[in-house]
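Chemist: below are the sequence and a predicted model for it; my questions follow.
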Amino acid sequence: MRKGPVKKRTIEPDTKYQSTLIAKFVNYLMYGGKKITSRKIVYDALAIAEKKTGKTGIEVMDQVISNVGPQMELRSRRIGGANYQIPYPVSVDRRIALAFRWIIDVSRSKKGKQMSEKLAQELVDAFNNTGSAVKKKLDTHRMADANKAFAHFAW
C-alpha cells in the first residue's frame, strides 16, 4: 500500500562544528554502526585539512561540496526499444549525497595510510579543485554534455 512521499528526517548537528553537513558526512562514512570511530576519522581529517588549507573545517567542507557535487547527471531511459542516457539536473540533496559518496569511495580505494590521512588528502585535493572525486564530477558533466541531444526525452 502506498502512503505518499517519505518525510525528511532531521539530523542532529555534530558536537564539534555544530554542522548538520559534517554530521551527515560522519553517517555516510560509518561502517557497522561504529559512529564514534567514524566521527574520529572525520574530525582528524578535517584537522589535517584545516592545517593544509588555512580555513575552518566548515569552510573546507562547503568548498569541497561545491567543487565535487555535480550539476547534471545521466539517467537511463528506454524509448522505442533503445536505451538513451538523458541528462537531468541534480537536486541539492542528491548533489551532496553524490559528493560524499565519491569522496569516501576515492579515499577508501587508496592504499597504505590511515583512513583519516587518506580522507584529509582527498578533502584538500577537492578543496583545490583537483583529485579523483573532482575528476569524476568532470567526467559526469562531460558525458551529460555529450548526450544533451537526448535532453528533449526528459519529461
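Modeler: Alright, I've got the coordinates.
Chemist: and the gap between Val42 and Leu123?
Modeler: Noted for Val42: a distance of 10 Å to Leu123, by C-beta to C-beta, to the nearest Å. No exception for glycine: its C-beta is placed from N, CA and C like everyone else's.
Chemist: should've said Ser38
Modeler: 15 Å.
Chemist: ok, these two, which is more surrounded?
Modeler: Leu123 (29 against 19; other C-beta atoms under 10 Å).
Chemist: now name the helix or strand holding the more buried one.
Modeler: According to DSSP states H and E, Leu123 maps onto helix 115-127.
Chemist: who are the packing partners of that helix?
Modeler: Here helix 115-127 touches helix 35-53, helix 57-68, helix 92-109, helix 132-146, going by 3 or more C-beta pairs under 8 Å, 6 or more residues apart in numbering; DSSP states H and E.
Chemist: hmm, who's touching the second one?
Modeler: With C-beta atoms under 8 Å, 6 or more residues apart in numbering as the contact definition, helix 57-68 has outside contacts at 16-17, 19, 21-22, 25, 46-47, 49-50, 53, 55, 95-96, 98-99, 102-103, 123, 126-127, 129, 133-134, 136-137.
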